[in-house]
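J.: This is the structure alone, sequence omitted:
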């Protein structure tokens, strides 16, 4: 099994693992090492051929492998570059790479409307996170930004093309998860857009997953539109026996009180859904009684959602025990560590 | 007269047809290869010749061929890149229009060497009229038994098809070309895998430029060593240069690599000197290569005479050198404005970016807009550094070389002509006249920069 | 951008499309070139044929017919057609004048030529004259850099242009009044 060293941390990975996957393995092994994981805006491990477009996950490879130790001349997309034995990778340790990545982020933002205050994705937007971590406070771009009218593509999905970063994920969902793609990328260059070309609704059992994979607010859930800021809702893991073939009925319910405002797939720490859910689960079961609630969703991200502390999994046993007094609470190690 | 290898017979009457072509020794390389050589021996001759890809990158052709994977039971393809779209380049069109059988012959010999039984010529859609000429030549060759089943009784089969594109510079990039040939958008693929392993229809594929494949004919006829005697150092053989811009004699010239640049631009055998008052700058290898001041085209930074060869043109790196590229040569006289030309270049790449990856999709448009502002007399002093920074953030960070190609002309223009950019900021009213330097040439305030 | 330069994405008020028998035979011949299961390779050549058969532009009807012929999803055809600059997605004039504006042509006077054409025809690039005769289109390098400025009309290159030459060309084309297509022989 090849060994790779990323920012000085070594891991052994199965043959064929990409640099990004190896970095995520390091991050999963030890949370403190998560800084080695490059940001990824277009790669999605559950979608074949995804990745390579956004260039945010570029890394430097100062040593190609033990066999061929020459450095790679240009930064490489870590999501699509396979690890070689003895490879050394720089993600945060090379200032020229940081500079290049900041450049990519700046490019992604020059035509982005920055309309976060009126965008439903705010709070769970990967572009927000990315620009917070790798961007600058002000833009140097002074020209008119590319604009499009928001359109409804079907009853449930709103397309704000102005916000799109052309990650192609939704196209790959339509191609690989649904049974008939009717939308794609039309035009070219900076005129390229996600579109159905002719006026047409995207109507398909799994079309809602396009919303879940969208890293920005380009595709949002019309049934949740302006209903609440995500950080004012309470994410709960829940499931039901779903009859749709290919859907395991495992979801996150986003609650306000007992009201189900939104249903989504369960996103892991890298922002990817664990499984793709069907539109029946997503749109037609907005009744808490239709679900078996498992408990609060641990949103393992640095987003504002986590500020609600809904991830405290052990709140349940605490409530069944006699109410502890404050000094007793302070002694509890598991709480102190949080 | 310099030695002609590809164009030896180009002016002979009837050379466009099979009969005339045969009369001047056409298809000899096919006879020689199929009757007397093993495919590996043909590859060996190409290696010995030192032939380098004539499309722009200059990668050794023999090496490219030897990378071709040969799994059992999987077809291999030869794809000729006739998408000629690099601004300044029109040599392949000239060759295909006038001596189409040279390309067909090269393809038969090369396909035999590579073990390909189907070959495609991917030609840009605007060259529909050239595609017709090629189709006619293919028809003649097939009727005469140079194509089809069991060529010359050797057991080797070959079909050649001409495929037209539909207007996209990016399809000159070999993987975008393959995507387009598969009927898709011309989005370059991520590499690896390279086409030699997974190319057309995921099968091993060699993609070569028209001129490269044509050069295989003399290499097989006379031997790789003979070919390698022409030229200088690692720049062996001859190169087609399509010359345009402000010169007296625009056209396509076959030169021996190593020809002094001064001779090429000023002698009456080639460009014939300046059309106008004086030369100002040169782009020697297509719009993607760095623009250099006329003096730096004639002489390297060390003061040595510069030669038309891969090595000499790139002497000094990007600080004081440029590249031979595709041989799309164009020269500027002193009536031209470098800022306007740089804007034109930037607009081209903006228009031609496929839009797949973010630095190129967004960055090319940004360069275009900042340059437009400068040229129209609305620029600011900071814009020059901004341009430098944008191009720096595109270069090397994109999927395919279009990003680099968009960055280099901007970088080189600022590097060598910064004073002219500054003039556009300090003389905003003057540059509002689109022909601002036509009336009064720009007087340089600084020697060529070496940033 | 004038209304006419925007892609026409509706079928309303747009004439239906069907391939002629000769075009269909040509398409079939093209499809036969490619290996089994690779008929999508014929898409771009067939779109050229469809465009020539549809007054020089690709309507939704024309693209849908191509999708059906090749067994492709419609969006696959829209994606490709909208990528390549030779495909017109809105009605065009009898003659589309593709005028090169890239640097080598610019050095030889394409800016002035385009300005002249704009004035003469009374339209901007992307627009069509009121009589439906000419569409002016600026294009990038056509590989005619030693013979610029130049323009392409149908399959023909018109090179080494001057104001006088282009005036004559316009008059000739107007008098002939016969659509020029890229696929013309």
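T.: Arrived safely. Quick caveat: nothing in here was measured; it's all calculated off a predicted structure.
J.: in chain A, which spans are strands?
T.: With DSSP state E applied, chain A shows strands at A:3-6, A:9-12, A:58-63, A:76-77, A:87-90, A:151-152, A:157-159, A:184-186, A:193-195, A:219-221, A:234-239, A:250-256, A:259-264, A:292-296, listed in chain order.
J.: Can you mark which positions in the last one are buried?
T.: I take that to be strand A:292-296. residue A:296 (16 or more other Cβ atoms under 10 Å in any protein chain shown). To be clear about C-beta, it is placed using only N, CA and C from the backbone, and glycine gets the same treatment.
J.: Show the contacting residues for residue A:98.
T.: Residues touching residue A:98, when contacts are defined by Cβ atoms under 8 Å, 6 or more residues apart in numbering or on different chains, comprise A:92, A:134.
J.: Low-confidence ranges, chain C, go.
T.: C:1-5 (pLDDT under 70).
J.: which bits of it sit near chain A?
T.: With Cβ under 8 Å from any Cβ of the partner chain as the criterion, chain C comes near chain A at residues C:7, C:9-11, C:60, C:73-76, C:78-79, C:82-83.
J.: Equivalent analysis for the stretch 251-400 of chain B, please.
T.: Proximity of the stretch 251-400 of chain B to chain A, by Cβ under 8 Å from any Cβ, involves residues B:350-359, B:361-366, B:369, B:386, B:392-394, B:396-399.
J.: now, which of those residues lie within helices?
T.: Assignment to helices by DSSP state H places the following of those there: B:350-352, B:358-359, B:361-366, B:369, B:386, B:392-394.
J.: Can you pull up the most central residue in the chain?
T.: Using chain A here. By Cα atoms, centre = their mean, chain A has its centre lying nearest to residue A:271, at 3.1 Å.
J.: that answer is for a different chain, and I need it for chain C
T.: Among the residues of chain C, the smallest C-alpha distance to the mean C-alpha position (Cα atoms, centre = their mean) belongs to residue C:86, namely 4.9 Å.
J.: how many neighbours does the residue nearest to that residue when sequence neighbours are not counted have?
T.: Sequence neighbours aside, residue B:167 is the residue nearest to residue C:86 in space, at 3.7 Å (criterion: Cβ to Cβ, 6 or more residues apart in numbering or on different chains). Using other Cβ atoms under 10 Å in any protein chain shown, the number of residues around residue B:167 comes to 22.
J.: One more: residue A:206?
T.: Residue A:206 is flanked by 20 other residues according to other Cβ under 10 Å.
J.: residues in contact with it?
T.: Under the criterion of Cβ under 8 Å, 6+ apart, the neighbours of residue A:206 are A:173, A:177, A:178, A:246, A:247, A:276, A:277, A:278, A:279.
J.: re earlier: could you redo the strands of chain A as CSV and give each row distance to chain B?
T.: Formatted as CSV, the strands of chain A follow (distance: least, Cβ to the nearest Cβ, whole Å):
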stretch, distance to chain B
strand A:3-6, 17
strand A:9-12, 22
strand A:58-63, 6
strand A:76-77, 7
strand A:87-90, 14
strand A:151-152, 20
strand A:157-159, 17
strand A:184-186, 8
strand A:193-195, 9
strand A:219-221, 18
strand A:234-239, 30
strand A:250-256, 30
strand A:259-264, 26
strand A:292-296, 36
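J.: what's the closest of these to chain C?
T.: Each of the strands of chain A has some distance to chain C by Cβ to the nearest Cβ; the shortest is strand A:184-186, at 4.2 Å.
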